[in-house]
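[1] Structure for the following, please:
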Amino acid sequence: MNDKLTPARRLRLLLDEPGIIRSMGAHDVLTALLIERAGFEAVFLGGFGASASLRGLPDLNFLELEEMAAAVKRMAQRISIPLIADGDTGYGGPAEIGNCIRAFEDAGAAGILLEDQVSPKRCGHFDGNAVIPAEEMVAKLEAALEARRDDDFVLFARTDARQGEGIDSAIDRVNRYCAAGADVAFVEAPQSKDELAEIASRVHHPKFANMLSFGKTPLLDAAELEKMGFKFVVAPIETLLVSARAIEELAATFLETGSSELRKDSMMSFDELKDVLELEKHLRLRKENGAEPAGE
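    Okay, here's the model as predicted:
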């Protein structure tokens, strides 16, 4: 794919091509780099991972727009694959949502997820979620589309209505949202394989599947979801879950033995990490710019 294309254009082309788009959630920039190096087509920055990483807090709407946009910018500047960013409820109603769209576009996101939860929102796999009227969400999406300056910027419309209103309402909602102009339909937290299949058959727009480990939705692999008719699949916080367990085990080992030696086999080497961070490239650039001694 042409590197001169904007991230939004690259994501738009992926959307138009056959096959399912696989993505993983990155809670920080290093994680996004590793996801890109692994060969994924896109990176997902979710509110859960960002809240945990930036604040050490659960996904209960603690992050403000400026803080999330800054996280998007840091990540988008460092990777070359498209970044899909979680815009939660858009940080306001129809009158305010344009600020969110413009901030994420300016930060370098290729697309945004917007949801129909009431504010303050919570993770879609927590209990007790509630949604705004569908008409209000349609108005917010219309305002988002009007504010969008780049027609390639991809708008994912998410509903959390499954929990409180049932699967039929959730399907009806995302169909309405896409009819209003959203590009991708996302029903959060379907509770069975049959419900995933029903979404696939009754939503006639590109569809997004959120495969959260330990969540409310059964985990299906990308091939099965593609066969059903889904266009996107994301593992949203699995990098965070793996990192948290690894750090917890390392801390326990160090505390017990006074050394990290027993965990070395599960670590990336220091040289490997320097390679991921492109140390030699940046040292070379410093020398070329006169900011680093040339050496012998």
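
[2] From here on, just use CA atoms for contacts and neighbour counts.
    Will do.

[3] Show me where the protein has its helices.
    7-16, 29-38, 47-55, 65-78, 97-107, 134-147, 161-165, 167-179, 193-202, 222-228, 238-257, 270-276, 279-288 (DSSP state H).

[4] next one: phi and psi at Gly87?
    Gly87 has phi and psi values of phi -100, psi 10 when expressed as degrees, to the nearest 10.

[5] got a list of what it touches?
    Gly47, Cys100, Ile112, Leu113, Leu114, Glu115 (Cα atoms under 8 Å, 6 or more residues apart in numbering).

[6] Out of these, which comes closest to Val184?
    Comparing the contacts of Gly87 against Val184 with Cα to Cα places Leu113 closest, at 9.1 Å.

[7] Can you tell me how far the closest one is from Thr159?
    Look at Leu113 and Thr159: by Cα to Cα, to the nearest Å, they are 10 Å apart.

[8] before we move on, the earlier item: present the contacts of Gly87 as JSON lines; the columns should include neighbour count and pLDDT.
    Output for these, formatted as JSON lines (neighbours: other Cα atoms under 10 Å; pLDDT from 0 to 100):
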{"residue": "Gly47", "neighbour count": "26", "pLDDT": "93"}
{"residue": "Cys100", "neighbour count": "25", "pLDDT": "97"}
{"residue": "Ile112", "neighbour count": "24", "pLDDT": "98"}
{"residue": "Leu113", "neighbour count": "23", "pLDDT": "97"}
{"residue": "Leu114", "neighbour count": "27", "pLDDT": "97"}
{"residue": "Glu115", "neighbour count": "27", "pLDDT": "96"}
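
[9] would JSON lines of those with distance to Gly93 be doable?
    As requested, the contacts of Gly87 are arranged in JSON lines below (distance: Cα to Cα, whole Å):
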{"residue": "Gly47", "distance to Gly93": "18"}
{"residue": "Cys100", "distance to Gly93": "11"}
{"residue": "Ile112", "distance to Gly93": "16"}
{"residue": "Leu113", "distance to Gly93": "15"}
{"residue": "Leu114", "distance to Gly93": "11"}
{"residue": "Glu115", "distance to Gly93": "12"}
